[in-house]
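S.K.: The following block contains a protein sequence and its predicted model.
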Amino acid sequence: MECSIIQKFKGEINGILIEDENNYCSTSWLLDQIEEKFGEIYNQDFVKDLSKTIETMYFKYDSFSYADLEHQFMNSINEAEKFNEIEFNYFGSTSKIEGLNEEIKNNKYEKSLNDICNEEFSKYTKENKLEKITEEDYDKIFDTVCQKINLSGDDDLNRDKIIINLDEKMNKFNKVKNPKIPKKIKNKKVENER
């Protein structure tokens, strides 16, 4: 019999290289579950550390199963009200997961609202090769940021932070001397307050 590995698996999630297909699939699936509930509010360190934790568990637990891991971690995601309240466990044990859980609690992995605004603003302006931001462009970026963080209708504080952040970026991008909030955005805020 002739056996040979033609190509080793290589996957990438948000720029983080993962060289085990099962680890890649579990990490990706768990990130999807987190995004569905909390939005894409985690940073690259979280992707890297989640993948490393899964790899460590695979080697340290005698009867490890990726399906069981996904089920157990999904339960932890469902029990949390906020991203920083997730406390992963594997059949009640937090062995080999303590570091990940501690960093989640300490907000090491959560992107700031400013980071999310920067990413979406840069991504949108590059993809659309814009020289100037219009109100329509602004609305699209605003809506994307709100979706990314799962902004609820009654979260005026974060809505205001997004507006201030995007206004600064738009004014700087358009090189406006006297910044003004677009009328449409002012109206959007007022509608949401009703």
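M.R.: All right, it came through fine. Numbers count the residues shown, from 1 in each chain.
S.K.: Would you map out the domains in the protein?
M.R.: 11-105, 113-193 (automatic domain parsing).
S.K.: These: which one's closest to Glu2?
M.R.: domain 11-105 (22.5 Å; Cβ to Cβ). In this view, the C-beta of every residue, glycine as well, is placed from N, C-alpha and C.
S.K.: Span of the closest one from start to end?
M.R.: 28 Å (Cα to Cα, to the nearest Å).
S.K.: Give the residue spans of this protein that score low on pLDDT.
M.R.: Within the chain, the ranges that satisfy pLDDT under 70 run 1, 3-6, 176-194.
S.K.: what about the most centrally placed residue in the chain, which SS state?
M.R.: Closest residue to the average C-alpha location of the chain: Glu40 at 2.2 Å, with Cα atoms, centre = their mean. The three-state label given to Glu40 by DSSP: H, G, I helix; E, B strand; the rest coil is coil.
S.K.: what's the closest non-adjacent residue to it?
M.R.: Residue nearest to Glu40 in three dimensions, not counting chain neighbours: Lys148, with 5.2 Å by Cβ to Cβ, 6 or more residues apart in numbering.
S.K.: Enumerate every residue touching Tyr61.
M.R.: Neighbour list for Tyr61: 90, 96 [criterion: Cβ atoms under 8 Å, 6 or more residues apart in numbering].
S.K.: ranges for the helices of the protein?
M.R.: 21-38, 44-60, 66-79, 98-105, 113-127, 135-148, 156-174, 183-193 (DSSP state H).
S.K.: Could you name the helices and strands sitting against the first one?
M.R.: In terms of contacts (3 or more Cβ pairs under 8 Å, 6 or more residues apart in numbering; DSSP states H and E), helix 21-38 is packed against strand 11-13, helix 44-60, helix 66-79.
S.K.: chain center to it: distance?
M.R.: In this view, helix 21-38 has its centroid 11 Å away from the chain centroid, taken as Cα atoms, centre = their mean, to the nearest Å.
S.K.: List the buried residues in that helix.
M.R.: 22-24, 26-27, 30-31, 34, 38 (16 or more other Cβ atoms under 10 Å).
S.K.: same thing with the longest one?
M.R.: The neighbour-count criterion (16+ other Cβ under 10 Å) identifies 159, 161-163, 165-167, 169-171, 173 as the buried residues of helix 156-174.
S.K.: need those in TSV with distance to Thr134, can you?
M.R.: Output for those, formatted as TSV (distance: Cβ to Cβ, whole Å):
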residue	distance to Thr134
Arg159	21
Lys161	22
Ile162	18
Ile163	16
Asn165	18
Leu166	13
Asp167	14
Lys169	14
Met170	9
Asn171	13
Phe173	11
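S.K.: returning to that earlier point: wait, the residue nearest to Glu40 sits on Phe38?
M.R.: No. With contact defined as Cβ atoms under 8 Å, Lys148 does not reach Phe38; the gap is 9.9 Å.
S.K.: quick revisit: using CSV, lay out the buried residues of helix 21-38 together with distance to Phe73.
M.R.: What follows is these, written out as CSV (distance: Cβ to Cβ, whole Å):
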residue, distance to Phe73
Asn22, 14
Asn23, 13
Tyr24, 15
Ser26, 8
Thr27, 10
Leu30, 5
Leu31, 11
Ile34, 9
Phe38, 14
